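Peer 1: sharing a model prediction with you, sequence too.
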Amino acid sequence: MLCLLRTRKLTAKAAQELSKLEMQLSEAEKKALIDVPMLDFPYEQHPNNRCVYSDWKMIPVYLQRELAQAKEKESKKEKQRAIKARVAKADEKTRVLAASVKLRLPQDHLCPYCGKDLGDSPHADHIYPVSRGGLSTSVNMVYVCTDGNAKKRDKTLRMFIEEFELDRSRIEERLSELGKEFSKSSNE
């Protein structure tokens, strides 16, 4: 008899706990629904507020289209920046333009030349030097450590690698990971 009373008490207590958890869950679900962003593509809404399964299969297609449009827009911006860099070069104001490009460069990576930390005062370097015709564009500029910049100076990447006997493939790999161009033809 005592065992039966304990079971009923535990069952009532478990039911109360379950009820509390269900309420918390429903509040969390409501909050999650509020935080869901609106998607910018067509879909059919049914009376039970569910989308057709085929519409869900189309989401990757719509997202891929949006990604392609964003990449195209960024490509156009980069072309405009390259034109601006050529104009600055013609006006002999490449270094002035470089100051604004530096603001867009990330500093959350290792030095692409030596692979070490950038340190407290990294330098923005023109991969293909301005003195040799390089432009102040985000694909031709990268933050490097102080020592790397002091050694490279106005050398091309090829000259720098050969003079200090560095690992060309590793440097090119690090620059590629950063989205940088490092051949002479890409900067002319």
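Peer 2: Perfect, thanks for sending it.
Peer 1: buried set for the helix ranked longest in the chain?
Peer 2: Counting residues, the longest helix found in the chain (DSSP state H) is helix 53-90. When burial is assessed from 16 or more other Cβ atoms under 10 Å, helix 53-90 yields the following buried residues: 55, 81-82, 84-85, 88-89. From N, CA and C alone the C-beta is placed, and that goes for glycine too.
Peer 1: mind putting the residues you listed in TSV, distance to N149 and pLDDT included?
Peer 2: Converted to TSV, those look like this (distance: Cβ to Cβ, whole Å; pLDDT from 0 to 100):
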residue	distance to N149	pLDDT
D55	53	60
R81	22	85
A82	23	85
K84	24	85
A85	20	85
A88	21	81
K89	21	79
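Peer 1: pick the one among those closest to I127.
Peer 2: A85 (13.2 Å; Cβ to Cβ).
Peer 1: the closest one touches V96, doesn't it?
Peer 2: No: counting by Cβ atoms under 8 Å, A85 does not reach V96; the two are 11.0 Å apart.
Peer 1: other SSEs contacting the helix or strand encompassing I171?
Peer 2: Assigning secondary structure by DSSP states H and E places I171 in helix 168-177. Under the contact criterion of 3 or more Cβ pairs under 8 Å, 6 or more residues apart in numbering; DSSP states H and E, helix 168-177 touches helix 157-164.
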